[in-house]
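**Student:** Coordinates for the following, if possible.
(chains A and B)
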Amino acid sequence: QKEVEQDPGPLSVPEGAIVSLNCTYSNSAFQYFMWYRQYSRKGPELLMYTYSSGNKEDGRFTAQVDKSSKYISLFIRDSQPSDSATYLCAMIGETSGSRLTFGEGTQLTVNP
Amino acid sequence: NAGVTQTPKFQVLKTGQSMTLQCAQDMNHNSMYWYRQDPGMGLRLIYYSASEGTTDKGEVPNGYNVSRLNKREFSLRLESAAPSQTSVYFCASSESRGSQPQHFGDGTRLSIL
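**Tutor:** Numbers count the residues shown, from 1 in each chain, chains lettered A, B, ... in the order given. Presented below is the predicted three-dimensional model:
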C-alpha cells in the first residue's frame, strides 16, 4: 500500500468552477504538507506549504489539513484555464532523516 | 535566473549503454536530489546529497550512481541502461536537507530501447 494516495483523475471542470483535490496518507509521522503544481513538460513548483491542521489561504487557493483523519485537500476558487496542470501532494516528517513523499498527482483541465 | 538546469532534455539509449545526466543549480543550495517520475508511481527519490561531499540512497537507487561534483553540480549515471529505467528524471535542490521548498529542474526524458 502506498504511503500517500491521490486520485490521478483526469479531472475536467468549466472555467469559474471550484476545484477540490485530495490526498490521504497512512504515515502519522508526516508533519509538513505541500501542494506542488506541474505544468506539462515542466518540473513541479511549490504552490502551498502547511504544517498544522486547519486551513491556509493564498489568493484563490486554500490548503486544508486534517491530521486526525490523515487527509489533506487543495481548493481552487474561480478556476482559470491557466490552472490546468497536474497537482501533486507531498509530505514530510519532522526528523532530519525524513524524505519528501509524493502522491502520484491529479491531472486537472479547466475548460474556457 | 536559471534556478535548476538539467541536460540533456531528451535522450534515447539502447539497452546496455551508459549515460550521465547533468544537473546544476545557481541558488547556493546545500542539498540536491534526483527523482524519477513514472505514471501511477509519482515522484520517487533515487539519490540525494545533503551537502557537498555526501551522497545517500533514496527509495529506488538500484542501477544508478551519483556524483556531487561541487556545491552547484550533482550528476546521475546509468552504467548499463535497462528498459525499466525509461522515465522522466528530475533534479531538485533545497537550502538544506528536508527544507522546503525544493526547486525542480524541467526534467530529462529518457527512453531506453
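
**Student:** contacts and neighbour counts: CA atoms only from here.
**Tutor:** OK.

**Student:** does the residue of chain A found nearest chain B belong to a helix or a strand, and which?
**Tutor:** Residue nearest to chain B within chain A: residue A:104 (3.6 Å; C-alpha to the nearest C-alpha). Following DSSP states H and E, there is no helix or strand that holds residue A:104.

**Student:** so how far is residue A:81 from it?
**Tutor:** Per C-alpha to C-alpha, to the nearest Å, residue A:104 is found 22 Å from residue A:81.

**Student:** Any idea what residue B:93 is bridged to?
**Tutor:** residue B:32, residue B:103 (DSSP bridges).

**Student:** Test my guess that it contacts residue B:103.
**Tutor:** Yes: look at residue B:93 against residue B:103 with C-alpha atoms under 8 Å: they come within range, at 5.3 Å.

**Student:** Which of these two has more residues huddled nearby?
**Tutor:** A direct count of neighbours by other C-alpha atoms under 10 Å in any protein chain shown for residue B:93 and residue B:103 places residue B:93 higher, at 32 against 21.

**Student:** What pLDDT does the model give that one?
**Tutor:** pLDDT for residue B:93: 94.

**Student:** Contact partners for it?
**Tutor:** By C-alpha atoms under 8 Å, 6 or more residues apart in numbering or on different chains, the residues touching residue B:93 are B:4, B:25, B:29, B:30, B:31, B:32, B:33, B:102, B:103, B:104.

**Student:** sorry, back to before: can you pull the phi/psi pair for the closest residue to the residue of chain A closest to chain B other than its chain neighbours?
**Tutor:** Using C-alpha to C-alpha, 6 or more residues apart in numbering or on different chains and skipping the chain neighbours, the partner closest in space to residue A:104 is residue B:42 (3.6 Å). Residue B:42 has phi and psi values of phi 70, psi -160 when expressed as degrees, to the nearest 10.
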